[in-house]
Structure formats: C-alpha cells, structure tokens
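> Structure of the sequence below:
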Amino acid sequence: MPLLPPLSLSLRLAFLSLLLHLSSSEVFFEERFDANLGSIVLAICLKDGWESRWVKSDWKRSEGKAGSFKHTAGKWAGDPDDKGMCYFVALELDILLCTNNTCVGALTGPNRPSRIQTHTDARHFAISAKFPEFSNKNRTLVVQYSIKFEQDIECGGAYIKLLSGYVNQKKFGGDTPYSFMFGPDLCGTQTKKLHVILSYQGQNYPIKKDLQCETDKLTHVYTFILSLMPHIVFWSITGKEILEACILTGISFRLERLRTLMQKRLEHAILPLDWDDREYIDDPNDTKPEGYDSIPREIPNPKAKKPDSWDEDEDGIWKPPKIRNPAYKGSWKPKRIKNPNYKGKWKIPWIDNPEFEDDPDLYVLKPLKYVGIEVWQVKAGSVFDNILICDDPEYAKQVVEETWARNKEAEKEAFEEAEKERKAREDEEARRAREEGERRRQERGYDRRHRDRERYKDKYRRRDRRIIWMIIM
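Predicted structure coming up:
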C-alpha cells in the first residue's frame with residue numbers, strides 16, 4: 001500500500017515549486033489561526049490549534065480590565081461557516097506527512113478564513129507568541145498582518161509588537177519593552193495613525209513620515225519591509241485595488257536617527273541680542289503724502305439731486321447725503337518691505353554630542369523572539385489574522401494573494417449585503433415603533449386630530465365664544 005495517494009502531474013509540480021520557494025527564504029513566524037491557506041499550500045496543523053502557540057496575558061486581570069480574544073471568521077467573511085484548518089486537512093488532503101502532533105501537507109479547497117477578535121468593550125488586550133530567536137543583521141525583515149475593524153472603534157489601537165530577550169508572557173503588557181511596533185491607532189475623527197516605531201539603545205524612534213491607516217470595516221493588510229542599507233522600503237496593501245507604496249531612502253532615515261545621537265540641543269540657549277527675526281519691516285524711505293491727513297472719510301454724494309417737492313422755507317437748506325470717500329485710505333502706514341537683515345526663525349542650536357559613537361548596525365534590532373498584540377480599545381471587535389515574520393518580500397506578497405486577495409471581493413459583497421439587511425432591519429423597527437405608539441394612543445382614547453386641543457383649551461374657548469357672539473349679533 002503506497003504511503004501517498006496518486007497525484008496529478010500539475011499538483012506534484014506545484015507542491016515541489018512551493019517546497020523549493022520555502023527553502024530559499026526563511027519564515028520565522030507565520031500564524032493564520034488554522035485557516036485553509038488556499039488551493040495548493042503548505043499547511044502546518046497543530047493538534048491543539050492556535051491557542052497552543054499563543055499565551056494570554058494576565059495583565060490588568062486583577063483590576064477587571066483585561067479583555068479576551070475569541071476565535072471566529074468574523075462578520076461578513078467570505079465563508080462564515082469556518083471549522084478551521086484541521087477540519088479541511090481531514091476532508092481535502094492530497095499529501096500528508098505526519099510526525100507526532102504536526103502534519104505537513106498540500107491542501108486543495110476553498111479559502112475559509114479563521115481569525116481572532118478582541119472581545120468585551122473598554123478593555124486591555126494582551127496576547128503573545130514565541131518563535132525561534134533571530135537577528136535582522138545583514139538580512140531583510142518583513143512584518144505583515146491583516147486587521148479589520150468590524151466595530152465603530154471610537155478610540156483604540158490595533159498594532160502588533162516584536163519583542164526581544166526574555167519576556168514573561170503571562171505578564172506581557174503596555175509597560176513591556178519592545179523592539180518594533182507597527183499598525184493602526186485610531187481615536188475620534190482626527191487620529192488615524194499608522195505607527196512604525198523602531199527601538200535603538202532603549203529609546204523608541206517613530207518614523208517621521210505621517211502615515212494614515214484605513215478606517216472602514218473591511219480587511220486590510222499592512223506590510224513593513226526593513227531592508228539592508230542604503231535603502232529602507234515600507235509598503236502597505238489596502239482593501240483598494242491599488243498598491244499603496246512609500247519608498248523611504250535609507251540614507252535620510254539613517255541620518256535622522258544619527259542626528260539625535262551625534263548632536264544634542266544646547267541647553268539654556270537664549271535668543272542672541274543681534275538676531276533679527278523680523279521677516280518684513282516698514283520701508284524707511286516711504287513718506288506720508290502731503291495733505292494725506294486732510295482727506296475726509298465721507299464726502300457729499302455728487303449724484304444726489306434735490307427733490308422737486310423740497311421746500312426750503314419749511315424743510316430748510318437741502319444738503320446732499322454723504323457717501324464713503326473712495327480717496328480715503330485710513331490712517332497712513334509706511335509700506336512693508338523684506339528685511340535685509342532677516343536671519344530666519346531662531347531655533348535652539350545643536351552641538352556635537354561628545355558621547356556619540358558611530359554604529360554601522362544602526363538598523364539592526366535586538367534579536368527578536370516574540371510577537372505580541374497589546375492594545376486598549378473603547379469598543380472591541382477588531383479582527384487580527386495572517387501574522388507573518390520572514391525575510392522574503394516575495395513570499396509576503398504570495399501570502400497576500402493566497403489570503404486577502406482571494407477573499408476581498410466576497411468579503412465586500414457580504415459586507416454590502418449585511419449593510420442592506422441592517423438598514424432594512426432599522427427601518428422595520430422604526431415602523432413597528434410608530435405603529436406601537438399609535439396603538440397605545442388609541443387605547444387611551446387619544447385622537448391625533450385633537451392632540452393640541454387640551455394644551456390650548458383656553459385659546460379654543462375664547463375662539464368659540466367669539467364665534468357664538470358673532471352669530472348672535
């Protein structure tokens with residue numbers, strides 16, 4: 001009896017191609033929360049599921065402020081009837097190699113997403129997973145994941161963190177040091193920030209460019225790529241048809257961080273007495289025109305005519321009305337000209353930092369060992385999925401194509417259908433409320449046609465008396 005079932009030639013070639021690709025790149029961590037990865041994929045199915053790989057923190061639990069995550073396909077998913085990867089391994093497995101509790105195989109079948117979602121409003125959420133420690137020195141670092149805001153989040157984060165050294169995962173929280181933070185942070189209508197923060201020598205350095213995140217209720221994929229010098233590349237894929245790209249020159253990024261190390265602001269600096277920060281000044285050669293102050297503010301209207309009916313014996317001497325004098329320019333002021341001695345806006349000067357030591361590995365993070373989600377949300381409901389840490393941007397793109405790209409149209413259609421149902425449901429509830437209110441008024445003997453009679457009974461009584469009096473007269 002053969003170990004493997006018979007396979008078609010195309011399936012064998014596809015599976016072989018996938019194995020060769022994986023051998024040329026290194027995946028440090030990949031979590032799809034037991035989702036079927038696509039039509040032909042390499043799947044790892046652990047016996048105990050995603051919870052065996054993630055540790056839920058007890059941070060804020062004693063205060064009653066710790067939130068929880070639930071495993072779900074989410075609302076308006078492409079296929080809400082998800083049962084997880086292990087279910088489809090049993091149903092649609094073409095190649096299966098098992099050792100202990102781990103099964104590696106090539107799967108065929110539809111894309112059936114599973115994710116984790118923040119649960120319970122106004123809570124702190126903290127969860128982390130461990131992976132084999134690695135360094136990004138002399139290699140590209142790729143961090144990618146997807147997020148969907150099913151809720152009206154109001155205020156809260158949806159970012160992930162990479163951590164180094166030893167971390168007590170049961171105590172992982174907001175005060176735990178991290179090496180890298182990446183993802184959306186929203187609050188109200190003003191804050192829609194996409195964080196990119198790297199740590200160096202214990203200090204966090206946020207990216208200088210103001211990056212905005214998506215705020216609709218569809219799934220979006222965010223990818224960060226930290227490549228070798230001399231350039232650093234950051235790009236993100238959104239739920240739109242286009243690929244939003246932002247290329248940052250590594251030289252400028254490096255100099256921005258170097259400046260804070262090579263130089264420091266001069267303490268106790270004050271504005272020098274000879275520093276002229278006036279950009280414009282009065283023209284010293286400009287003089288007031290002769291007779292300028294004698295120009296009246298108003299003058300008689302030259303177009304006005306004395307009326308024919310005007311009688312000076314009775315009406316007095318006729319004077320034309322006054323109008324604003326177009327020649328009047330107000331109080332005289334000299335012209336403004338560019339100040340030839342203008343030195344610009346004064347800033348506190350920088351001086352050489354005597355403690356600076358050049359570091360050619362400025363881009364290198366501390367060896368990475370954990371990935372975590374640590375956020376606070378006013379309203380829960382954010383859906384995390386497809387967390388990937390690797391060194392190959394092409395593989396990251398492949399993951400996007402296998403997951404988000406295949407499901408985006410179905411998700412969009414499901415969302416639009418859910419919105420139609422929600423609107424219809426709200427309209428129906430409003431109609432029933434109106435009918436119920438009318439029914440209760442009728443039960444009380446209330447007639448809408450006379451709803452104001454009791455309120456204005458005195459007014460109606462006076463009106464009726466006037467009508468009776470008119471009839472009698």
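
> for residue 174, what are its contacts?
59, 124, 126, 374, 376 (C-beta atoms under 8 Å, 6 or more residues apart in numbering). Every residue, glycine included, has its C-beta placed from N, CA and C.

> okay if I get those as CSV plus distance to residue 315?
Shown next, in CSV, are the contacts of residue 174 (distance: C-beta to C-beta, whole Å):
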residue, distance to residue 315
59, 91
124, 85
126, 90
374, 87
376, 80
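
> Which residue ranges of the protein form helices?
Secondary structure of the chain, counting by DSSP state H: helices at 9-24, 85-92, 250-262, 312-315, 393-402, 404-443, 457-472.

> Worst mean pLDDT among the ones you listed?
Out of those, helix 85-92 stands lowest, with a mean of 33 (criterion: mean pLDDT).

> which one of the contacts of residue 174 is nearest residue 395?
residue 374 (26.3 Å; C-beta to C-beta).

> Would you mind confirming that the closest one makes contact with residue 126?
Yes: between residue 374 and residue 126 there is a contact under C-beta atoms under 8 Å: 4.6 Å.

> Rounded mean pLDDT for stretch 340-354, please.
Across stretch 340-354, pLDDT averages out at 82.

> Please save the CA atoms from that stretch in CSV.
The C-alpha coordinates for stretch 340-354 follow below in CSV (Å, rounded to 0.1, in the frame of the first residue of the first chain):
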residue,chain,number,x,y,z
PRO,A,340,17.6,92.7,4.6
ASN,A,341,18.9,91.7,8.0
TYR,A,342,16.4,88.9,8.5
LYS,A,343,18.1,85.7,9.8
GLY,A,344,15.1,83.4,9.9
LYS,A,345,13.2,81.9,12.9
TRP,A,346,15.7,81.3,15.7
LYS,A,347,16.0,77.7,16.9
ILE,A,348,17.9,76.2,19.7
PRO,A,349,21.2,75.2,18.2
TRP,A,350,22.6,71.7,18.1
ILE,A,351,26.1,70.9,19.3
ASP,A,352,28.3,67.8,18.8
ASN,A,353,27.4,65.0,21.2
PRO,A,354,30.7,64.0,23.0
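
> Can you list the low-confidence ranges for the stretch 251-400 of the chain?
Scanning the stretch 251-400 of the chain with the threshold set as pLDDT under 70 gives 251-267, 353-356.

> make it 90
Where the stretch 251-400 of the chain drops to pLDDT under 90, the residues are 251-274, 277, 287-297, 299, 302-320, 326-333, 345-364, 393-394, 397, 400.

> ok, residue 374 and residue 126, which is more surrounded?
More crowded of residue 374 and residue 126, by other C-beta atoms under 10 Å: residue 126, with 28 against 23.

> and for residue 374 and residue 126, which residues touch both?
In contact with both residue 374 and residue 126: 57, 59, 172, 173, 174, using C-beta under 8 Å, 6+ apart.

> Can you list the buried residues in stretch 200-216?
For stretch 200-216, burial by neighbour count (16 or more other C-beta atoms under 10 Å) applies to 200, 205, 207, 211, 213, 214.

> tell me how far the ends of it are from each other?
34 Å (C-alpha to C-alpha, to the nearest Å).

> List only buried entries from the shared contacts of residue 374 and residue 126.
For these, a burial check counting by 16+ other C-beta under 10 Å picks out 57, 59, 172.

> residues contacting the closest residue to the first one other than its chain neighbours?
Yep, that's residue 57 we're talking about. Excluding the flanking residues, the one nearest residue 57 by C-beta to C-beta, 6 or more residues apart in numbering is residue 126, at 3.7 Å. Listed by C-beta under 8 Å, 6+ apart, the contact set of residue 126 reads 56, 57, 59, 60, 66, 172, 173, 174, 372, 373, 374.

> what residues are up against the second one?
By C-beta under 8 Å, 6+ apart, the contact list for residue 57 reads 66, 126, 127, 128, 169, 170, 171, 172, 173, 374.

> In strands, which of those appear?
126, 127, 128, 374 (DSSP state E).

> Make CSV from these and add distance to residue 397 to it.
Formatted as CSV, the ones in strands among the contacts of residue 57 follow (distance: C-beta to C-beta, whole Å):
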residue, distance to residue 397
126, 30
127, 27
128, 26
374, 28
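
> Looking at those residues, spot the one nearest residue 381.
Closest approach between the ones in strands among the contacts of residue 57 and residue 381, by C-beta to C-beta: residue 127, at 15.8 Å.

> From residue 325, how far out is the closest one?
Relative to residue 325, residue 127 is positioned 77 Å away (criterion: C-beta to C-beta, to the nearest Å).

> Between the two, tell me which one has more neighbours.
With neighbours defined as other C-beta under 10 Å, residue 127 and residue 325 compare such that residue 127 has more, 22 against 13.

> quick one: the more buried one and residue 370 touch, right?
No: using C-beta under 8 Å, residue 127 makes no contact with residue 370, being 10.7 Å away.

> Check the burial of the nearest residue to residue 381 once chain neighbours are set aside by counting its neighbours.
Distances taken as C-beta to C-beta, 6+ apart put residue 151 closest to residue 381, at 3.1 Å, once the chain neighbours are dropped. Counted with other C-beta under 10 Å, the neighbours of residue 151 add up to 19.

> Residue 151 and residue 379, how far apart?
According to C-beta to C-beta, residue 151 and residue 379 sit 5 Å apart.

> quick one: the strands in the stretch 51-200 of the chain?
54-56, 68-72, 93-99, 102-107, 115-119, 123-134, 141-149, 155-157, 160-164, 180-187, 191-200 (DSSP state E, counting those that start in this stretch).

> right, and those strands - which one's nearest residue 434?
Nearest to residue 434, of all the strands of the stretch 51-200 of the chain, is strand 141-149, at 32.9 Å by C-beta to C-beta.

> helices and strands around the closest one, which ones?
Applying 3 or more C-beta pairs under 8 Å, 6 or more residues apart in numbering; DSSP states H and E, one finds that strand 141-149 contacts strand 160-164, strand 180-187, strand 220-226, strand 382-390, helix 393-402.

> ok and the last one relative to helix 404-443, angle-wise?
Going by axes from the mean of the first three to the mean of the last three C-alpha atoms, to 10 degrees, helix 393-402 is angled at 40 degrees with respect to helix 404-443.

> With just CA atoms, put helix 393-402 into CSV.
What follows is helix 393-402, C-alpha atoms only, in CSV (Å, rounded to 0.1, in the frame of the first residue of the first chain):
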residue,chain,number,x,y,z
PRO,A,393,9.1,40.2,0.4
GLU,A,394,8.0,37.9,-2.4
TYR,A,395,6.7,35.3,0.0
ALA,A,396,4.8,38.0,1.8
LYS,A,397,3.2,39.0,-1.4
GLN,A,398,2.3,35.4,-2.1
VAL,A,399,0.6,35.2,1.3
VAL,A,400,-1.4,38.2,0.5
GLU,A,401,-2.5,36.7,-2.8
GLU,A,402,-3.5,33.4,-1.1
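
> where are the low-confidence patches of the stretch 101-250 of the chain?
The model of the stretch 101-250 of the chain has pLDDT under 90 over residues 101-115, 138-140, 151-154, 186-218, 223-250.
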